[in-house]
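1. Got a sequence here, can you build the structure:
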Amino acid sequence: MSRCRCLRCHGLNEDWRRRSLAAVWHPCTQMKLHAPEGAAQPLVPIARAEGVWLHDFEGRRLLDAISSWWVNFFGHNHPAILRTRMNARFSGSMPMA
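-> Alright, predicted model coming up:
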């Protein structure tokens, strides 16, 4: 069985920063602060999130101290919320999936 080698799973943070700056508008930020050359506030690409933790593409774990209220209450990827959402999606009771 071959292992995935796509950029989504195996890219480095710098690869993701470059792609993001080239193609994504980051609202509520001064884009010049994220400029590749000497960025005052470099973007932190996030590969996944669990509980209160964010994980970057290079394996570092960061505490999500600025997330929304819902994440502060329940954490990222809370199993009960994911299960309820999936059940609603497949039962047809969720208008947007």
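2. Next, work out how far apart Leu12 and Ser68 are.
-> Computed as CB to CB, to the nearest Å, the Leu12 to Ser68 distance reads 27 Å. (C-beta placed from N, C-alpha, C; glycine too.)
3. ok, Gly59 to Trp53 distance?
-> Taking CB to CB as the criterion, Gly59 is separated from Trp53 by 12 Å.
4. Glu50 belongs to a helix, doesn't it?
-> No. When the secondary structure is assigned by DSSP: H, G, I helix; E, B strand; the rest coil, Glu50 falls in strand instead of a helix.
5. pretty sure it contacts His76?
-> Yes. Counting by CB atoms under 8 Å, His76 is a contact partner of Glu50 at 5.7 Å.
6. Looking at those two, which is more packed in?
-> Applying other CB atoms under 10 Å to Glu50 and His76 shows that His76 carries more neighbours, namely 18 against 13.
7. Just the pLDDT at the more buried one, thanks.
-> At His76, the pLDDT value in this model is 85.
8. Kindly report the same for Ser2.
-> On pLDDT, Ser2 comes in at 48.
9. ok, back up a step: between Leu12 and Ser68, which has more neighbouring residues?
-> Leu12 (13 against 8).
10. Isn't that one up against Asp56?
-> No. Leu12 is beyond contact range of Asp56, at 9.2 Å (criterion: CB under 8 Å).
11. quick one: low-confidence parts of the chain?
-> 1-11, 36-39, 67, 92-97 (pLDDT under 70).
12. Distance-wise, check Trp16 relative to Ser91.
-> Trp16 is 35 Å from Ser91, by CB to CB.
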